[in-house]
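Novice: Sequence and predicted structure, then a few things I'm wondering about:
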Amino acid sequence: MPSRRRSSFISFEVLFVLVALFSISHVTTLHAQEEEFALADYDSLKALFDEAHAAKEYDKALELGEKIAWLVGEKHFDMLYEMARISATKGEKLKAYNYLQAAADAGYWNAKQIMEDEAFLEYKGEERLRQVARAAWSNGYIWLLERDERDEFQMPDEVMKTLAFKKGETVADIGAGTGYFTLRIAEAVGPEGKVLAHDISDEMLDFLGKQVTAAQLENVELKKVERDDPLLPKGGVNTILMVDTIHYVKDRAAYGKKLLEGLAPGGRLIIIDFVPKPMSERPWGPPPEQQFPKEQLHDELAEAGFEVLEEHDFLPEQFIAIYQAR
Ligand SMILES: C[S@@+](CC[C@H](N)C(=O)[O-])C[C@H]1O[C@@H](n2cnc3c(N)ncnc32)[C@H](O)[C@@H]1O
């Protein structure tokens, strides 16, 4: 009896494996066919879509748009954006918002375009438009901080070598953003050290949280902070780092006092920020009203009780200034 049960079990296993093998090969073939179909058909479908759109045949354009979005996958945010515009033009607000949201979720980044697009003129002042524009803004900001070319002027290896973080120290990365430096510092201080990654933006903290999880780092603590308060534990931090962030702070002398309260005895404050340049020379980075020479920062932080310890000028766009309590 036991052996008969065993043999029928084996035949079920064999049957299961055969069915599974058939399904896998069938699905693989289908995928390959879909991909080929996608590559072959995209251009012609896109041409038909443009034609229908130009001719104001909106239903046809939407139908073609759905096909294209399906063919190229969710990443095709420009198409989703166009479909939002068409839906808005047809007076289908709910659909328009859903497409806009899908475009933002897929990476659409041009918040200014959303706010100024005449297709969405009627929605101006609506909370949902503001939310979707904010999501697009954060996509653009994340891209700016994470883009590959940043390494060319940011020179992260040289910066990390110069800042020489020590194993076991507690570092506060204020205005941590996407974690460009946070992750590097977390490695440098090791599991016995800690990084307090503070930021005012939910979107940045969300993104950074995912990065930290993906990198399996257990020594990074995220915190949402106030514009005028870094919310540091009193005397609890060995090094405070602010990269491209202090130019957002309005009263830097008052802010500096709060930074000083967070520093442990012998601690240091490191500021990396943009050297002032006209927009004609550097069309990105902080606007002119947020730029200042480092000497001005030295004076503001002197008011807070800091003195300059070191300065480094090897970065092409930014200065590095290291301070200690006076
Ligand atoms: C230009 S990004 C730099 C991000 C990061 N330090 C880097 O080097 O990639 C500035 C970051 O500072 C945050 N921020 C702006 N003002 C802030 C403030 N007063 N306190 C804390 N974070 C702030 C922004 O949300 C943004 O994530």
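Specialist: Okay, I see it.
Novice: how is this protein carved up into domains?
Specialist: For the chain, automatic domain parsing gives the domain ranges 12-146, 150-325.
Novice: Make a markdown table from those domains and add mean neighbour count and mean pLDDT to it.
Specialist: For the C-beta atoms, the positions are set from N, CA and C on the backbone; glycine is no exception. Output for those, formatted as a markdown table (neighbours: other CB atoms under 10 Å; pLDDT from 0 to 100):
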| stretch | mean neighbour count | mean pLDDT |
| --- | --- | --- |
| domain 12-146 | 16 | 79 |
| domain 150-325 | 17 | 97 |
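Novice: Format the ones you listed as JSON lines; extra columns: distance to the ligand.
Specialist: Formatted as JSON lines, the domains of the chain follow (distance: least, CB to the nearest ligand atom, whole Å):
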{"stretch": "domain 12-146", "distance to the ligand": "4"}
{"stretch": "domain 150-325", "distance to the ligand": "3"}
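Novice: Skip the chain neighbours and tell me the closest residue to residue 137.
Specialist: residue 111 (3.9 Å; CB to CB, 6 or more residues apart in numbering).
Novice: residue contacts, residue 170?
Specialist: By CB atoms under 8 Å, 6 or more residues apart in numbering, the residues touching residue 170 are 189, 193, 194, 195, 196, 236, 237, 238, 239, 264.
Novice: can we see that at 7 Å?
Specialist: Contact analysis of residue 170 by CB atoms under 7 Å, 6 or more residues apart in numbering lists 193, 194, 196, 236, 237, 238.
Novice: Just list whatever residues bridge to it.
Specialist: residue 194 (DSSP bridges).
Novice: show me where the stretch 51-200 of the chain has strands.
Specialist: Remark: strands assigned in the stretch 51-200 of the chain by DSSP state E, counting those that start in this stretch are 170-174, 194-199.
Novice: and what of the stretch 201-326 of the chain?
Specialist: According to DSSP E, counting those that start in this stretch, the strands that the stretch 201-326 of the chain contains are 220-224, 237-243, 263-274, 306-312, 318-325.
Novice: Could you take the ones you listed and lay them out as CSV, with extra columns for distance to residue 209?
Specialist: Below are these laid out as CSV (distance: least, CB to CB, whole Å):
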stretch, distance to residue 209
strand 220-224, 6
strand 237-243, 19
strand 263-274, 23
strand 306-312, 31
strand 318-325, 26
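Novice: Out of those, which gets nearest to residue 167?
Specialist: Closest to residue 167 of the strands of the stretch 201-326 of the chain is strand 237-243 (CB to CB; 11.3 Å).
Novice: for that closest one, packing partners?
Specialist: strand 170-174, helix 252-262, strand 263-274 (3 or more CB pairs under 7 Å, 6 or more residues apart in numbering; DSSP states H and E).
Novice: can you list those in TSV and add distance to residue 122?
Specialist: Shown next, in TSV, are those (distance: least, CB to CB, whole Å):
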stretch	distance to residue 122
strand 170-174	41
helix 252-262	41
strand 263-274	39
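Novice: circling back: could you dump the strands of the stretch 51-200 of the chain to CSV with distance to residue 82?
Specialist: Shown next, in CSV, are the strands of the stretch 51-200 of the chain (distance: least, CB to CB, whole Å):
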stretch, distance to residue 82
strand 170-174, 39
strand 194-199, 33
